[in-house]
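Asks: below is the structure, and that's it, no one-letter string:
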Ligand code: MN
């Protein structure tokens, strides 16, 4: 909230109080209190800056261009991801969650009705931090050899993995994520809705693709399929998957 907002809010509050005072003059029978309930203080301290922080992108804003434009990355990282971090910090402020690692917050709030806000923002913070690392400039191409063997073993071929991942990403109804995971001794493709991730399913995430509209709409409008194919062909970071693969 900037200084001009505070001034506007102060004016609005004074107007409300004047209007309420006027109502009390019109009729003392009105079941309305003579003064408006005290609104939240307009000079509240700034949102807490921790315990969680927005990680910097591991490449320049234009590093994934033309697959993902600098405009999309700028909004996605600087506005969307930042909002999840800010909201998470606000939600955990003064609670025991403020002292927990992010993964622990996700696992302990999953499915808990009155912790949905914390869970969603924690999940989205984790998912986005993982997504930035799942992409790279000049990505795609041939996976490192150990990972490639694992892919062939689990899917039959790299092309078969591409087809299965594409199907998962394009068939996720509404917002969500499409993942390559390690499930026991095999690799698998899964999709999750909204802020969900493999972390609550006992699977190890290797890579993810964000299929929320904000991830591609400025560049591809409604063409999610074109975004997914471009990411898989040119931006997916196989090296990151190989690092994540438990040996
Ligand atoms: Mn996103």
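Replies: Cool, got the structure. Everything quoted here is computed from the prediction, not taken from an experiment.

Asks: please tell me I have it right and residue 213 contacts residue 172.
Replies: No. With contact defined as CB atoms under 8 Å, residue 213 does not reach residue 172; the gap is 11.4 Å. No exception for glycine: its C-beta is placed from N, CA and C like everyone else's.

Asks: looking at these two, which is more packed in?
Replies: Between residue 213 and residue 172, counted using other CB atoms under 10 Å, the more crowded position is residue 172 (19 against 15).

Asks: helix or strand for the residue nearest to the more buried one when sequence neighbours are not counted, which one?
Replies: Spatial nearest neighbour of residue 172, excluding adjacent residues (CB to CB, 6 or more residues apart in numbering): residue 191 at 4.4 Å. For residue 191, the enclosing helix or strand under DSSP states H and E is strand 186-193.

Asks: just residue 128 next, same as before
Replies: Using DSSP H and E, residue 128 sits in helix 116-134.

Asks: in that helix, what counts as buried?
Replies: Buried residues in helix 116-134, counting neighbours by 16 or more other CB atoms under 10 Å, are found at 118-134.

Asks: mind giving me the packing neighbours of it?
Replies: Applying 3 or more CB pairs under 8 Å, 6 or more residues apart in numbering; DSSP states H and E, one finds that helix 116-134 makes contact with helix 82-92, helix 102-109, strand 204-210, helix 238-244.

Asks: give me the mean pLDDT for stretch 78-93.
Replies: Here stretch 78-93 scores 98 as its mean pLDDT.

Asks: pLDDT on the helix holding residue 128, on average?
Replies: For helix 116-134, mean pLDDT rounds to 98.

Asks: close to the ion, is it?
Replies: No. Using CB under 5 Å from the ion, helix 116-134 never reaches the ion; the gap is at least 5.6 Å.
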